[in-house]
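The following comprises the amino acid sequence and a computationally predicted model.
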Amino acid sequence: MSGPRVLLFGGLDPTGGAGLFADLEALSAVGASGWGMATALTAQGPRGARSAEPVALATLSAQLRSLLDGARERPRAAKTGMLGTAAHAAALARWLSRPPLSRLPLVVDPVLRASSGLALFDAGRRSAGRALQPLLERATLATPNWPELELLAGRSLGSEEEAVRAARELPSRAVLVKGGHRNGPPVDVLVRGRRVIRIEGTRRPGTARGTGCRLASAVAGLLAGGIPLEEAVRRAKRVVELYLDRTLGAPGERG
Ligand code: PLP
């Protein structure tokens with residue numbers, strides 16, 4: 001592996017459709033490389049996600065310390081995906097807010113459940129938004145899809161304007177609201193303070209797993225290489241579209 005390193009924290013999906021293996025593929029597509037730390041082990045296959053077991057926090061911490069201790073190479077960005085529990089999210093927020101990791105660009109993909117239905121984040125007695133708050137405060141970019149943004153905001157969102165308002169309430173420096181779950185052309189909206197940038201895509205016929213993991217990882221890989229945020233998001237979206245074309249076949253009609 002070559003290219004700038006990204007620290008990845010996410011779940012292990014043995015199929016490689018989503019999770020850390022998918023993250024590594026996306027990094028390699030943008031010329032970056034990764035160190036992947038498992039926050040949880042999952043059991044998944046053709047019939048969907050069946051179970052998930054968070055990795056002990058002591059093990060996660062040992063993974064991180066072992067990687068950094070004596071490393072000749074420094075990570076240039078970090079990305080979180082499936083976290084397992086609120087305690088994992090809180091620990092990561094602490095570790096990523098302290099030197100030597102506190103200056104890294106951080107992409108937080110707020111993974112809450114698998115598309116097949118299994119919950120991948122246990123917020124405990126708090127709401128998902130509360131449980132993820134410290135990590136989102138540290139994030140350069142959060143990448144919720146529409147249902148995730150609704151869960152983080154604690155209300156349903158009918159229009160793009162409502163989604164932009166909800167994105168502005170999140171504490172991360174920028175938010176990319178992914179529009180793939182909505183009808184019509186998939187428009188992703190990058191909200192950065194007062195700026196709102198709409199990025200239109202072309203709807204593919206069908207769906208593939210792990211598109212959110214790949215998008216967030218590709219953005220992190222590009223940020224690791226010094227690419228500015230908006231360009232990184234646009235290029236990462238292309239990477240996911242190429243992945244969809246490879247998995248599903250040729251692009252479909254718009255709409
Ligand atoms: N499994 C793991 C480990 C993940 O990180 C994710 C998503 O981020 C999923 C499953 C869910 O992927 P999908 O919604 O494509 O099933």
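Nice, thanks for sending it over. Residues are numbered from 1 along each chain as shown.

all contacts plus neighbour counts: C-alpha atoms, from now on.
Noted.

With only the CA atoms kept, save stretch 160-171 in PDB.
Output of stretch 160-171 as PDB, limited to C-alpha atoms (Å, rounded to 0.1, in the frame of the first residue of the first chain):
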ATOM      1  CA  GLU A 160     -34.100  19.900   1.400                       C
ATOM      2  CA  GLU A 161     -34.400  23.200   3.300                       C
ATOM      3  CA  GLU A 162     -35.400  21.300   6.400                       C
ATOM      4  CA  ALA A 163     -32.400  19.000   5.900                       C
ATOM      5  CA  VAL A 164     -30.100  21.900   5.500                       C
ATOM      6  CA  ARG A 165     -31.400  23.400   8.800                       C
ATOM      7  CA  ALA A 166     -30.900  20.100  10.600                       C
ATOM      8  CA  ALA A 167     -27.400  19.800   9.100                       C
ATOM      9  CA  ARG A 168     -26.600  23.300  10.500                       C
ATOM     10  CA  GLU A 169     -27.600  22.100  14.000                       C
ATOM     11  CA  LEU A 170     -24.900  19.400  14.000                       C
ATOM     12  CA  PRO A 171     -21.600  20.500  15.600                       C
END
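
List of residues touching that stretch?
With contact meaning CA atoms under 8 Å, 6 or more residues apart in numbering, stretch 160-171 is reached by 133, 136-137, 146, 149, 153, 157, 175, 177, 189, 191-193, 196.

what's the longest helix along the chain in contact with?
Ranked by residue count under DSSP state H, the longest helix found in the chain is helix 229-248. By CA under 8 Å, 6+ apart, the surrounding residues in contact with helix 229-248 are 26, 29-30, 190, 199, 204-208, 211, 214-216, 218-219, 222-223, 251.

Could I get the phi/psi values of the residue nearest to Arg173 when sequence neighbours are not counted?
The shortest distance from Arg173 to any non-neighbouring residue, by CA to CA, 6 or more residues apart in numbering, is to Thr140 (5.1 Å). Backbone torsions of Thr140, given as degrees, to the nearest 10, read phi -70, psi -40.

Would you agree Thr140 is in contact with Arg192?
No. Using CA atoms under 8 Å, Thr140 is not in contact with Arg192, being 10.0 Å away.

tell me, what's touching the two both at once?
Residues touching both Thr140 and Arg192 (CA under 8 Å, 6+ apart) are 173-174.

now the contacts of helix 229-248: which count as buried?
26, 29-30, 190, 199, 204-205, 211, 214-216, 218-219, 222-223 (16 or more other CA atoms under 10 Å).

Which pair of these spans the longest distance?
For the buried ones among the contacts of helix 229-248, the farthest-apart pair by CA to CA is Pro205 and Leu223; their separation is 30.0 Å.

Please list the residues of this structure that sit near the ligand.
Residues of the chain found near the ligand (CA under 6 Å from any ligand atom) are 10-13, 18-19, 81-82, 111, 114-116, 209-210, 213.

how about the helices of the stretch 51-200 of the chain, start to end?
Along the stretch 51-200 of the chain, counting by DSSP state H, counting those that start in this stretch, helices occupy 57-68, 86-96, 128-138, 146-153, 160-169.
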